[in-house]
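Participant: The sequence and its predicted three-dimensional model are supplied below.
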Amino acid sequence: DGGITQSPKYLFRKEGQNVTLSCEQNLNHDAMYWYRQDPGQGLRLIYYSQIVNDFQKGDIAEGYSVSREKKESFPLTVTSAQKNPTAFYLCASSMGLEHGELFFGEGSRLTVL
Amino acid sequence: AQKVTQAQTEISVVEKEDVTLDCVYETRDTTYYLFWYKQPPSGELVFLIRRNSFDEQNEISGRYSWNFQKSTSSFNFTITASQVVDSAVYFCALSESANFGNEKLTFGTGTRLTIIP
């Protein structure tokens, strides 16, 4: 089945450690996105990529990094510089058509101990 | 700046009742797009509808209907004869015309809907 796969589903890390969240899609979509979801705050955009080897900062990029070496993959690294990393992270993709719908993965819940 | 307000944080209704989820938006653009997404307990958001600012016709899809009123900047979502499977968090979102794709999608804070059997 076509879709977006995020891993791991749950992740615990100690303060000061970097962690990488995986996002893979087999929908042949050009655009990919990372959102952060916090209780009562909706979804906020971290980074997005419209094409391989190119990505742009979203509204809350500080403390995060991404890469887009392959069309189907868009990993997110939460660095130790992120002050409050505990959150639910959602990866999404779209065909890149203007204002097209987003397709989401099931998310990764990161908890910093 | 664009903004989406979902004033209802949580709603609970008994199964088979109708329920309306409110969405009010702010934008300076004359061309924009509005969306509704459903987030079931599994976590992924599921696309429900997209509507552009030039199309104010109401939309009906099975038990779901949407009422778009530019005069009040609202895009409300009604579920008729609710079912337990409708229990989820529902997000309203806005994309302005200046954005490529919808990477600048602005989401509301969501409404948690619980259908009581």
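Facilitator: Yes, it's here.
Participant: can you pull up the bridge partners for residue B:37?
Facilitator: Beta bridges link residue B:37 to residue B:47, residue B:91, judged by DSSP bridges.
Participant: Give me the most central residue, chain A.
Facilitator: Nearest residue to the geometric centre of chain A (C-alpha atoms, centre = their mean): residue A:34, 2.9 Å.
Participant: Let me see the backbone angles for that one.
Facilitator: The phi and psi values for residue A:34, taken as degrees, to the nearest 10, are phi -120, psi 130.
Participant: thinking it is in contact with residue A:77, fair?
Facilitator: No - applying C-beta atoms under 8 Å as the test, residue A:34 and residue A:77 come out as separate, 10.3 Å apart. For glycine as for every other residue, the C-beta is placed from the backbone atoms N, C-alpha and C.
Participant: joint contacts of these two?
Facilitator: Residues within reach of residue A:34 and of residue A:77 at once, by C-beta atoms under 8 Å, 6 or more residues apart in numbering or on different chains, are A:64, A:66.
Participant: picking that back up, now do the contacts for the residue nearest to the centre of chain A.
Facilitator: Counting by C-beta under 8 Å, 6+ apart, residue A:34 makes contact with A:23, A:45-48, A:58, A:64, A:66, A:74, A:76, A:89-92.
Participant: rerun that using 10 Å as the cut-off
Facilitator: Listed by C-beta atoms under 10 Å, 6 or more residues apart in numbering or on different chains, the contact set of residue A:34 reads A:6, A:21, A:23, A:44-49, A:55, A:58, A:60-61, A:64, A:66, A:74-76, A:89-92.
Participant: Of these, which fall within the contact range of chain B?
Facilitator: When these are filtered against chain B using C-beta under 10 Å from any C-beta of the partner chain, the residues retained are A:6, A:44, A:45, A:47, A:48, A:49, A:58, A:90, A:91, A:92.
Participant: Just name the closest of the residues you listed to chain B, please.
Facilitator: Within those, proximity to chain B (C-beta to the nearest C-beta) peaks at residue A:48, which comes in at 4.0 Å.
Participant: Surely the closest one and residue A:94 touch.
Facilitator: Yes - between residue A:48 and residue A:94 there is a contact at 9.5 Å, judged by C-beta atoms under 10 Å.
Participant: Not counting sequence-adjacent ones, nearest residue to residue B:48?
Facilitator: Spatially, and ignoring its direct neighbours in sequence, residue B:48 is nearest to residue B:36 (4.3 Å; C-beta to C-beta, 6 or more residues apart in numbering or on different chains).
Participant: actually residue A:63, sorry about that
Facilitator: Among residues not flanking residue A:63 along the chain, residue A:82 sits closest, at 2.9 Å (C-beta to C-beta, 6+ apart).
Participant: A helix includes the one you found, no?
Facilitator: No - assigned with DSSP: H, G, I helix; E, B strand; the rest coil, residue A:82 falls outside any helix and is coil.
Participant: re the thing from before, can you give me the neighbour number for the residue nearest to residue B:48?
Facilitator: By other C-beta atoms under 10 Å in any protein chain shown, the residues close to residue B:36 number 22.
Participant: Tell me the confidence at it?
Facilitator: At residue B:36, the predicted lDDT confidence score is 96.
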